[in-house]
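Peer 1: what follows is a predicted structure for the sequence shown.
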Amino acid sequence: MRKKVVCLCLFIAVLSQIGTATAAVSYATERLHSIIEQLPGVSPASFQAGKSYFFNYQNRSVVVRVNNWNEVEHVGYRMFGEELRADTYTPVLDFIERYLLELTMLPSGSVTQRLQTDDVVLENGMPEDFVSMGAAAAVSIQYSDFKYYHVEWKGGGRTLSMTFPMDYQLISGCNAIEVEKNYIRDVTRYRPQARTGWVTPEVPEGYDKEYFLEERGSYLSESVRHDLYYRKNGGKWELFCDPKKPEWSVYNLMLSPVPVGGHESAWTLDVELDQYGYQSTAMEIPLNRWIAFCEENDGIPYFTIKEMSESVIKGVLFVPNERGGYCHMLSVEIPMKTIEKGEGRITGRLYVYVPLHNIEKDYFKIK
């Protein structure tokens with residue numbers, strides 16, 4: 001009987017440890033932690049990964065969303081329907097819901113000062129009026145010139161609008177130091193979704209040449225492009241790395257989210273992330289995995305060759321996020337010997353969340 005009691009206690013202890021391991025005890029940002037602590041009756045220890053929870057605060061519905069890493073990734077008033085969320089840049093909607101929640105948590109005399117500090121304008125109403133519109137209101141979102149967002153609600157015979165800078169630090173709720181720290185965290189733990197096979201180009205019917213160029217446009221300059229080069233092999237079009245075509249090979253390497261040659265371990269990106277305060281952090285990641293992360297989180301990458309010699313190709317890759325108002329920039333050096341081997345290490349320096357209006361077209365001129 002005593003043995004049975006001991007076994008039962010051990011079983012309960014194991015279950016308790018499992019529950020603790022799956023509970024959300026961390027936060028995607030420091031600000032989210034601060035907000036959660038101010039919400040009465042909210043117990044993060046009971047949260048589970050990948051789920052959303054709803055609470056009542058000041059007679060309004062508040063949503064808490066937990067990501068797959070058991071981190072609270074969003075807290076805010078529930079203001080937008082699933083249809084709008086499916087078609088809109090998620091960080092902006094999260095910002096609006098979170099920011100209005102933060103404003104209603106402030107003493108009434110502090111709201112105006114907070115709005116002025118953040119350069120946020122609320123027209124025709126106070127924060128509570130915007131929240132009261134609810135998810136049923138008609139919402140339109142506009143942005144221009146990488147500077148401002150303008151959001152308008154219509155419902156119940158009223159029209160309210162909110163204008164705020166296209167500033168990623170404001171939108172994310174993080175300062176420059178935390179934004180960079182979170183980028184390192186997110187990119188190093190990222191694993192791309194499983195792919196069923198190679199990405200194949202849309203080749204016109206009757207095309208009978210050995211090589212095919214797939215163009216996806218340019219960014220700011222015609223020399224900064226997203227071009228992928230395919231070669232027919234055994235009746236199939238494949239991306240390639242060939243010392244006879246070094247320029248084409250480099251574009252494939254720097255723009256393909258699937259490994260050129262079929263093996264993720266063949267190409268490693270070894271970079272220094274340039275950080276705020278003259279700091280830097282070394283990162284090592286499979287090259288195609290980093291590109292897949294960029295495409296999934298930011299948008300289409302673009303590449304340009306700035307210098308080419310017999311021993312090395314130097315270039316710059318840009319990952320613009322026009323809805324977030326920023327661009328990641330990666331300067332790289334690709335040794336010719338790696339192209340000859342079909343594998344190797346690519347070194348570079350990475351700058352993240354560069355405001356889009358800070359990038360000058362003259363940068364693309366090859367000296």
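Peer 2: Structure received.

Peer 1: what is the burial count for residue 90?
Peer 2: By other Cβ atoms under 10 Å, 14 other residues sit near residue 90. (C-beta placed from N, C-alpha, C; glycine too.)

Peer 1: where does the stretch 1-150 of the chain dip in pLDDT?
Peer 2: Scanning the stretch 1-150 of the chain for pLDDT under 70 picks out 1-25.

Peer 1: any chance you could map the strands in it?
Peer 2: Listed in chain order, the strands of the stretch 1-150 of the chain (DSSP state E, counting those that start in this stretch) span 26-27, 52-57, 60-66, 71-77, 121-123, 138-144, 148-155.

Peer 1: can you list the strands that the first one pairs with?
Peer 2: Each strand pairing with strand 26-27, determined using DSSP bridges, is listed with its direction: strand 71-77 (parallel).

Peer 1: next one: the longest one
Peer 2: Paired strands of strand 148-155, with direction, are strand 138-144 (antiparallel), strand 158-165 (antiparallel) (DSSP bridges).

Peer 1: going by neighbour count, list what's buried in the longest one.
Peer 2: Judged by neighbour count (16 or more other Cβ atoms under 10 Å), strand 158-165 contains these buried residues: 160, 161, 162, 164, 165.

Peer 1: beyond it, next helix or strand please.
Peer 2: helix 168-172 (DSSP states H and E).

Peer 1: strands of the stretch 151-300 of the chain, start to end?
Peer 2: So, for the stretch 151-300 of the chain - with DSSP E, counting those that start in this stretch - the strands run 158-165, 211-219, 221-233, 236-239, 267-275, 279-286.

Peer 1: among the ones you listed, which is nearest residue 85?
Peer 2: strand 158-165 (17.0 Å; Cβ to Cβ).

Peer 1: list the beta-bridge partners for residue 354.
Peer 2: residue 327.

Peer 1: please report how far the residue nearest the centre of the chain lies from residue 352.
Peer 2: The centre of the chain sits closest to residue 297, judged by Cα atoms, centre = their mean, with a distance of 3.1 Å. Separation of residue 297 from residue 352 (Cβ to Cβ, to the nearest Å) stands at 11 Å.

Peer 1: span of stretch 201-212 from start to end?
Peer 2: Distance across stretch 201-212, first residue to last, is 8 Å (Cα to Cα, to the nearest Å).

Peer 1: what average pLDDT does that stretch get?
Peer 2: Across stretch 201-212, the average pLDDT comes to 92.

Peer 1: would you mark the buried spots in it?
Peer 2: So, applying 16+ other Cβ under 10 Å, buried residues of stretch 201-212: 201, 212.

Peer 1: residues contacting residue 76?
Peer 2: Going by Cβ atoms under 8 Å, 6 or more residues apart in numbering, residue 76 touches 62, 63, 94, 96, 97, 98, 99, 100, 101.

Peer 1: Throw those residues into CSV and include neighbour count and distance to residue 41, thanks.
Peer 2: Listed next are the contacts of residue 76 as CSV, based on neighbours: other Cβ atoms under 10 Å; distance: Cβ to Cβ, whole Å:
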residue, neighbour count, distance to residue 41
62, 21, 11
63, 19, 15
94, 22, 22
96, 23, 24
97, 21, 19
98, 23, 19
99, 23, 22
100, 22, 20
101, 24, 15
